[in-house]
Structure formats: structure tokens, C-alpha cells
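Asks: Sharing a model prediction with you, sequence too.
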Amino acid sequence: MKFNFFNRKQKHHLSGEELDIKSFITKTLGYRPRNVSYFMEALTHKSYQNAKNPILPNERLEFLGDSVLDAIVAEYLFLKYPEHEEGSLTQIKSKIVNRKTLSEIGESMGIRNHLRYNKGRAINIQGLEGNCLEAIIGAVYLDGGYEVTKACVISRIFRNHLDLNKLMEEEIDFKSRLFIWCQKKHLALEFEVTRENCTNGIWEYEIKVNVNNISYGKGKGSSKKQAEQLASKETLMLVGEI
């Protein structure tokens, strides 16, 4: 069966269910749908589809929304955190777009109240909410374009349903957290290797953190990266940040 998203025609007279979904999207995302059928599909699980309900399930829209959301989050983090390296940004992005976070956001938005699925089957509703959220983002993209979708995601979803500061605290490594703390306070940060030793092929490094030329935390590890993390953690503890 061929189906063309972009040639889909909107009905002139909306049903009660369509009006309900249109109201939900408008209230939740601040976006007034032009073509409600995109959003009906976004909220339809494959278990709902049968001869009486021929509307397509949301899997294709979920695929599209996943890619659109990935691009929006990457751009947002890139611009918001210019001091972060690629690895740190990747960690934060992964935390935002993973299934657990999206399901929690979907639950907070009240998506389950508008889900269309076979209620006679044992289905994990929370899992469906994350999938539907991605499908809704795909629907907004098709109906309104990328810039509109980005505005909805940032101003409505992020602002109202995502604690980004909490995610940052959970996901940023100690070295990055120390770097940000020093940058905010305009302090010079230096990692000094005070000892490196190899015994029977096993390396051990000792690193000291200097903040404005004053010694703080120390750390030992089998790699410089591990030693830096431990030294950073101790420094953050000493300055009362953790």
C-alpha cells in the first residue's frame, strides 16, 4: 500500500476524537495542527489497526520524529554549552533522547489519555508514550516544518517536562563539572602529573589539580583519564560542589 504524507488531505469536518486530539496538541505544544490526521496517526499504536480502524500506525512517524528530535537536541546542546567537548555533549544528548527519558516526558505530558491502542491486549503503556512522543514530533515536522518543531520541543517540551540541570548533574563527568565551575568563577585550572610509574607492565599515574596555582585534589589511576576524574572529584568535594 502506497502512502504519501505530503499529499494527505485534511477533512473539513472533524470528529469529536479529532477535535480532542487537536485541542491536546494545541494546549500541550502551543501548536495548532493544520492536518489533524498526522496527529491521529502519531497517537495510534499498531495494535489498534483493524478493518474498522484502517488508519496507519505511528511507526513511520516515530522513525521520522526520532531523527528530527536528534537534530534538535544536538543543535540545542551545541549552542547552549560551547565549553563542552564532543564526548560530553554526546553523553547528555543520549540521556535526553533515550527511551526512559522520553517515556517519562510522555507521561508528564499526559499522552496516555489520548493513546489509541487495543485495550484488550497486555501492553506496556509507558513504553508507548515515549514512542508516541517521537511520532508527535514527526507529525509537527510534517505539518509545520523544522523551525516550528524546534520551537515546540525547546519552549514546551524541554521547558515544561525536562529537568535539564538534573540531567547535567547526573551525566557530566567530574572533570567537566570542575571545568565548568572554574570557568564560571574565572579561575585557572591545571592538571599536573606528579608521578607516573610502570611495574610489570602496569601503569599508575598520580595527578594533582591546581586551581589558580593552589593545590587541591589528587587522584591515582591506571590511566591519566581515571586519575584526572578522581582528582577532579576530590577537588569538587573540597570546594563544596558535591
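Replies: The structure has been received and is ready for your questions. Residues are numbered from 1 along each chain as shown.

Asks: Can you name every helix or strand that the top helix by length along the chain contacts?
Replies: Secondary structure of the chain read by DSSP state H shows that its longest helix is helix 59-80. With contacts defined as 3 or more C-beta pairs under 8 Å, 6 or more residues apart in numbering; DSSP states H and E, the packing partners of helix 59-80 are helix 36-42, helix 86-97, helix 125-144, helix 146-152. Every C-beta, even on glycine, is put in place using the N, C-alpha and C of the backbone.

Asks: Looking at the protein, which residue reaches furthest from the middle?
Replies: Asn200 (44.2 Å; C-alpha atoms, centre = their mean).

Asks: what's the distance between that one and Leu178?
Replies: From Asn200 across to Leu178, the span is 32 Å (C-beta to C-beta, to the nearest Å).

Asks: Show the backbone phi and psi for Asn212.
Replies: Backbone geometry at Asn212, expressed as degrees, to the nearest 10, gives phi 50, psi 40.

Asks: Pick out the residue closest to the middle of the protein.
Replies: With distances taken as C-alpha atoms, centre = their mean, the residue of the chain nearest its centroid is Ile96 (1.9 Å).

Asks: coming back round to it: of all the helices and strands packed on helix 59-80, which lies closest to Leu187?
Replies: Closest of the helices and strands packed on helix 59-80 to Leu187 is helix 86-97, at 19.3 Å (criterion: C-beta to C-beta).

Asks: What angle do helix 59-80 and the helix or strand following that closest one make with each other?
Replies: Moving toward the C-terminus from helix 86-97, the first helix or strand encountered (DSSP states H and E) is helix 99-109. The directions of helix 99-109 and helix 59-80 differ by 100 degrees, with axes from the mean of the first three to the mean of the last three C-alpha atoms, to 10 degrees as the criterion.
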